[in-house]
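Participant: just need the structure, nothing else, for what follows:
(chains A and B)
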Amino acid sequence: MTKVSMRINGEQVNADVDGAQLLAYFLRDKLNLTGTHIGCDTSQCGACVVHLNGRAVKSCTMLAAQADGADITTIEGIQKNGELHPVQRAFQQHHALQCGFCTPGMIMAAVDIIENTNDLDEHSVREQLEGNICRCTGYQNIIAAILSAAKEMRG
Amino acid sequence: MYPFTYHRASSIEQAQALLDVSDDSKLLAGGQTLIPTLKQHLASPGALVDIGKIEALRFVRVEKASVVVGAATPHAQVAGDGKLAQKIPALAHLAGKIGDPHVRNVGTLGGSIANNDPAADYPAACLALGATIQTDKRNISADDFFTGLFETALEEHEIITEISFPVPKLAAYEKFPNPASRYALAGVFVAQTEAGVRVAVTGAGVNGVFRMTEMESALANNWSADALEGISPSADSLLSDLHGAADYRAHLVNVMAKRAVAQTC
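Facilitator: Predicted coordinates for the structure are as follows:
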């Protein structure tokens, strides 16, 4: 077993994990943070995206032990004082989800895109969403939601 | 995944000591290839030694005639480094097209070249730019480093520490990515270096990355896309799979090479 210590959604978490324990399973099975989804489990779909020190990563392709010392944010951690995050609100307003399975990963990817990309436009958002797959929406409303949230967040 | 013991190293010396503890230990950097490989039961190391957090291996250093990148530097850092992009824009462009943004935030240069996947992007940059791979034991030139499919000149437990890329006069990289995996079906890195024109092809060769000397001579005479007309590798030496037959890949190599050269003209 390996000792890990990390901040998850602002709270300190200390645990003993098996070497082969993946971060996605650690979040879901040990901590009951089931908002992080496991879709393909092969690094393709992006349903498992969380933030590690502010940047989007695929939690199904990272050992929990690799995240030792990190600051992790999951979909459960982005609302503030019971208010949805602007990206969550924009997804709702623009009908950017149908079945919703990809949505947690989409939203976490979108927050990283908005916070870390200059000159956002439709083309750059599409490019940056390369690691997230949605099988329902055709992406149109997802792109619209991200651009709308970006506008709101940047004032 | 088969079970393994996880060790975290905080220095190269400690990593070396941890590697020596068991016979079947492997290095872990970002894990963006290794973890999927473990999940598919294609590897079963008894222990993993994580060198991903060793700060001394995570840097981009721009010097007068070269750019030096630490082995555990993530692709996103290479792609986003403004000074590196000024010196070797083609290298920054290549790093920014590996996998997807999430993979680029974690995957590392050292991990990519140590694995030497025949469809990985970085081996093409190393070979075309004439990079030097420094390990904890010695320096290896890119010409000697990539020895075959998933094979390198690295010895058991040898650790890559940094890669030095000489600044070329001109360079460009173009790839045709597999739309699902984003790995290159064919990728061509062209460069005018101090040592002459060098062209490296990834994604296509049965033995992994290779130099295309016929294209090099043609471009040395006439640096233009037209000079490459009709020059393709022999399909016999190329990969053939459900993603693309060998003759299709041969065609793609020519098209990617022309596009790369055209970018610089």
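
Participant: where does the stretch 51-200 of chain B come near chain A, residue by residue?
Facilitator: Where proximity means CB under 8 Å from any CB of the partner chain, the interface of the stretch 51-200 of chain B facing chain A comprises B:52-53, B:76, B:99-103, B:105-106, B:180-182. Any C-beta I mention is one placed from the backbone N, CA and C, and that applies to glycine too.

Participant: of the residues you listed, select the buried ones using a ChimeraX command.
Facilitator: Command for ChimeraX that selects the buried part of these, burial taken from 16 or more other CB atoms under 10 Å in any protein chain shown:
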select /B:52,53,76,99,100,101,102,103,105,106,182
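
Participant: residue nearest the middle of chain A, spatially speaking?
Facilitator: Residue closest to the average C-alpha location in chain A (CA atoms, centre = their mean): residue A:108, at 2.8 Å.

Participant: now that residue. Nearest residue, chain neighbours left out?
Facilitator: Counting by CB to CB, 6 or more residues apart in numbering or on different chains, residue A:108 lies nearest to residue A:49, which is 4.4 Å off, once chain neighbours are set aside.

Participant: now residue 45: closest residue in space that isn't a chain neighbour?
Facilitator: Using chain A. Sequence neighbours aside, residue A:39 is the residue nearest to residue A:45 in space, at 3.9 Å (criterion: CB to CB, 6+ apart).

Participant: not quite, go with chain B.
Facilitator: Counting by CB to CB, 6+ apart, the residue nearest residue B:45 is residue B:26, at 4.0 Å.

Participant: which SS class is the one you found?
Facilitator: For residue B:26, the assignment made with DSSP: H, G, I helix; E, B strand; the rest coil gives strand.

Participant: list the contacts for the closest residue to chain A within the stretch 51-200 of chain B?
Facilitator: Across the stretch 51-200 of chain B, no residue is closer to chain A than residue B:100, which sits at 2.9 Å (CB to the nearest CB). When contacts are counted by CB atoms under 8 Å, 6 or more residues apart in numbering or on different chains, residue B:100 is found next to A:46, A:130-131, B:182.

Participant: so the residue nearest to residue B:45 sits right up against residue B:50, yeah?
Facilitator: No - assessed by CB atoms under 8 Å, residue B:26 is found out of contact with residue B:50, at 10.4 Å.

Participant: so for those two, which sits in the more crowded spot?
Facilitator: Set residue B:26 next to residue B:50 and count neighbours by other CB atoms under 10 Å in any protein chain shown: residue B:50 wins out with 25 against 19.

Participant: can you map out the helices along chain A?
Facilitator: Here chain A has its helices, by DSSP state H, at A:23-25, A:86-93, A:103-116, A:122-128, A:140-154.

Participant: list the contacts of the first one.
Facilitator: In this case it means helix A:23-25. A:36, A:38, A:48, A:50, A:59-60, A:62-64, A:66-67, A:72.

Participant: residues in contact with residue B:249?
Facilitator: For residue B:249, the contacting residues are B:185-186, B:203-204, B:235, B:238-240, by CB under 8 Å, 6+ apart.

Participant: redo that, cut-off 6 Å
Facilitator: The neighbours of residue B:249, taking CB atoms under 6 Å, 6 or more residues apart in numbering or on different chains as the test, are B:186, B:204, B:238.

Participant: let me have those in a markdown table, extended by pLDDT, neighbour count and secondary structure.
Facilitator: Formatted as a markdown table, these follow (pLDDT from 0 to 100; neighbours: other CB atoms under 10 Å in any protein chain shown; DSSP: H, G, I helix; E, B strand; the rest coil):
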| residue | pLDDT | neighbour count | secondary structure |
| --- | --- | --- | --- |
| B:186 | 97 | 28 | strand |
| B:204 | 96 | 32 | coil |
| B:238 | 97 | 24 | strand |
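
Participant: ok, and the closest non-adjacent residue to residue 52?
Facilitator: Answering for chain A, as no chain was given. In space, not counting the residues next to it along the chain, residue A:52 is nearest to residue A:70; the distance is 5.0 Å by CB to CB, 6+ apart.

Participant: not what I meant, chain B
Facilitator: In space, residue B:52 comes closest to residue B:29 once its chain neighbours are excluded; the distance is 5.0 Å by CB to CB, 6+ apart.

Participant: got phi/psi on that neighbour?
Facilitator: Backbone dihedrals for residue B:29, given as degrees, to the nearest 10, come out at phi -110, psi -90.

Participant: circling back to that earlier point, identify the farthest-apart pair in the contacts of helix A:23-25.
Facilitator: Based on CB to CB, the longest span within the contacts of helix A:23-25 runs between A:38 and A:66 and measures 17.0 Å.

Participant: between the two, which one's more packed in?
Facilitator: When residue A:38 and residue A:66 are compared for neighbours, residue A:66 comes out ahead with 26 against 17, by other CB under 10 Å.

Participant: if I look at the more buried one, what pLDDT would I see?
Facilitator: As summarised for this prediction, residue A:66 has a pLDDT of 98.

Participant: quick one: it from chain B, how far?
Facilitator: Residue A:66 sits 6 Å away from chain B, taking CB to the nearest CB, to the nearest Å as the criterion.

Participant: residues touching residue B:120, list them.
Facilitator: Going by CB under 6 Å, 6+ apart, residue B:120 touches residue B:112.

Participant: just confirm it is within a helix.
Facilitator: No - in this structure, residue B:120 is coil, not part of a helix, as judged by three-state DSSP.

Participant: distance-wise, check it relative to residue B:127.
Facilitator: Taken as CB to CB, to the nearest Å, the spacing of residue B:120 relative to residue B:127 amounts to 11 Å.

Participant: try residue B:64
Facilitator: Distance of residue B:64 to residue B:127, given as CB to CB: 23 Å.

Participant: so between the two, which is more surrounded?
Facilitator: The neighbour count for residue B:64 versus residue B:127, taken as other CB under 10 Å, is higher for residue B:127 (26 against 6).

Participant: number of nearby residues for the nearest residue to residue B:118 once chain neighbours are set aside?
Facilitator: Using CB to CB, 6+ apart and skipping the chain neighbours, the partner closest in space to residue B:118 is residue B:208 (4.3 Å). Residue B:208 sits with 24 neighbouring residues when counted by other CB under 10 Å.
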